[in-house]
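> Return atomic coordinates for the entry below.
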Amino acid sequence: MTALTDRPAGTTVPRTRRPTLVVGIAVVALLAAGVLSIMVGAALLSPAQVWAGLTGTGVDQSVAIVQDLRVPRTLLGALVGIALGVAGALMQGHTRNPLADPGLLGVSAGAGFLLVVAIQFLGISSLYGTVWFGFAGAGLASVLVFGLASLGGSRAGGPTPVTLALAGVAVSELLIAITSALVLRDTSSLDAYRFWSAGALDDKDSLASLQIAPFVLAGLVLAAINAPGLNVLALGEDNARGLGHHVGRARALGIAAITLLAGSAVAVAGPISFVGLVAPHIARFFTGPDHRWLLPVAGLGGATLVLVADVVGRLVVRPGELQVGIVLAVVGAPFFIALVRRRKLARL
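Model (predicted):
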């Protein structure tokens, strides 16, 4: 039994001594990563050029680069990172599995499946059209996983962490297999799916952030509402019921938040790995297990990770670019292995 479930009923989850300081440092790190994202690219811009571009007082080329290309891309990267970081923290909390990430609910597999269906059978190829199918696929997959897990869960508390994980793996593997069979039949679907599955922020519509912002905002609101209940669930389901909490309702609220957050991020940027897995571990190291502080720090940390990885991808193969998902997979995997080998970070 983990350290969280060892506590007797009625105790409170400990919090860091200076949570506001941690949040402040995370905000500063995100702002620094955002400035770096605007400065670095095929054309390197100085801080003065960035400021001139933001205010519209620079030359036409720098204004166009800053306002039309890099600011929308930076905003999209920050939004995707926040969504994945918070969704990962929620997923690890609800499953009590330190290796869980948003993809465990079938979000990525569902989004990829309906995206391929939209391209192959409906002839939709624009980002504006496919993003909605990706989001719908992520939502339907999550509902299916939650339903299957509920069939095997307890009547009083709904799906359990074990049944959620098992149902998620089963649905994900099934959808991945069907998607693979579909893309092998059609070259255009294969090309689109291959680029989407790499996880990228480039070549996105400048209004992509506005497309997913309402869903991310709704997911963040649900996550904030779910945070106190998740702290109680960390004490154990029996203790949570004894304290008068409805476990099934808390699980449903968390699943809804994860679906909105991860579904919107995956639909527009692809299944970017590592962020939802490691950002919560980094945040937990500084905030402790209190989800009221863990969730915002995980979101800010996730956004910083995505932006830094995107900058690295622009530098390593200049003047070309390496997709952010590839950078995070290559750099993040060894880093995550080092993290989970540490006892304090490997346990929830």
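> nearest residue to the residue sitting furthest away from the middle of the chain other than its sequence neighbours?
Residue farthest from the centre of the chain, counting by CA atoms, centre = their mean, is V59 at 36.5 Å. Leaving aside its chain neighbours, V59 sits nearest to A52 (7.8 Å; criterion: CB to CB, 6 or more residues apart in numbering). Every residue, glycine included, has its C-beta placed from N, CA and C.
> Distance-wise, check that neighbour relative to A177.
52 Å (CB to CB, to the nearest Å).
> Could you pull up the residues touching the closest residue in space to R194 that isn't next to it in sequence?
The shortest distance from R194 to any residue other than its chain neighbours is 7.9 Å, reached at V183 (CB to CB, 6+ apart). Listed by CB atoms under 8 Å, 6 or more residues apart in numbering, the contact set of V183 reads V116, Q120, S189, L190, Y193, R194.
> Next, count neighbours for the third one.
Right, the one you point to is S189. The burial count assigned to S189 is 21, neighbours taken as other CB atoms under 10 Å.
> Kindly report the same for the second one.
A total of 18 residues lie near Q120 under the criterion other CB under 10 Å.
> what's the answer for the fourth one, then?
One way to gauge burial is a neighbour count; for L190, by other CB under 10 Å, it gives 17.
> helices and strands around the helix or strand containing it, which ones?
L190 is located in helix 187-198, with elements delineated by DSSP states H and E. Helix 187-198 makes packing contacts with helix 107-121, helix 161-183, helix 324-340 when contacts are defined by 3 or more CB pairs under 8 Å, 6 or more residues apart in numbering; DSSP states H and E.
> Got phi/psi on H246?
phi -90, psi 100 (degrees, to the nearest 10).
> what about this structure, any weak spots by pLDDT?
1-17, 58, 126-128, 152-158, 238-240, 242-244, 339-340, 342-348 (pLDDT under 70).
> Quick one: classify L99 as helix, strand or coil.
Secondary structure, DSSP: H, G, I helix; E, B strand; the rest coil: L99 is coil.
> Okay, it and P334: tell me how far apart.
Going from L99 to P334 by CB to CB gives 16 Å.
> Give me the more crowded residue out of the two.
L99 (13 against 9).
> Please verify my assumption that the more buried one contacts L277.
Yes. With contact defined as CB atoms under 8 Å, L99 and L277 form a contacting pair (7.2 Å).
> ok and the helix or strand hosting N231 relative to helix 161-183, angle-wise?
Assessed by DSSP H and E, N231 sits inside helix 208-233. Interaxial angle of helix 208-233 relative to helix 161-183 (axes from the mean of the first three to the mean of the last three CA atoms, to 10 degrees): 150 degrees.
> helices or strands next to helix 208-233 in the packing?
Using 3+ CB pairs under 8 Å, 6+ apart, helix 208-233 sits against helix 71-95, helix 127-152, helix 237-242, helix 247-269, helix 291-316.
> on that earlier part again, measure the residue nearest to R194 to G112 for me?
From V183 to G112 the distance is 9 Å (CB to CB).
> Can you pick out the residue with more neighbours from A52 and A177?
A52 (17 against 12).
> correct me, but that one touches Q61?
No. At 10.9 Å, A52 does not count as touching Q61 under the criterion of CB under 8 Å.
> Test my guess that H291 contacts H94.
No. Counting by CB under 8 Å, H291 stays clear of H94, with 10.4 Å between them.
> So if I had to pick from the two, which one is more boxed in?
Remark: of H291 and H94, H291 carries more neighbours, 29 against 26, as counted by other CB under 10 Å.
> Now do the same contact list for the closest residue to the more buried one other than its chain neighbours.
For H291, ignoring the flanking residues on the chain, the nearest one in space by CB to CB, 6+ apart is A227 at 4.1 Å. If you count contacts by CB under 8 Å, 6+ apart, A227 has them with H291, R292, L294, L295.
> Roughly how far does A227 sit from G85?
A227 is 14 Å from G85, by CB to CB.
> now the residue nearest to V59: how far from A33?
Taken as CB to CB, the span from A52 to A33 is 21 Å.
> same question, A309
For A309 relative to A33 (CB to CB), the value is 10 Å.
> With S264 instead?
The value you get for S264 to A33, if CB to CB is used, is 21 Å.
> quick one: which of the two has more around it?
S264 (31 against 23).
> quick one, what contacts the more buried one?
Taking CB under 8 Å, 6+ apart as the test, what S264 contacts is A83, F135, A138, I212, F215, V216, G219.
> Neighbour-wise, which one of these leads?
Counting by other CB under 10 Å, top hit in those: A83 with 35 neighbours.
> Contacts only, for that one.
Per CB under 8 Å, 6+ apart, neighbours of A83: I212, V216, G219, L261, A262, S264, A265, G299, G302.
> if you skip the residues just before and after it, what's nearest to the fifth one?
Setting aside the residues directly before and after it, A262 is nearest to P102 in space (CB to CB, 6+ apart), at 3.4 Å.
> ok, the one you found - contacts?
Applying CB under 8 Å, 6+ apart, the residues contacting P102 are L84, A87, G88, M91, S108, I258, L261, A262, V266, G276.
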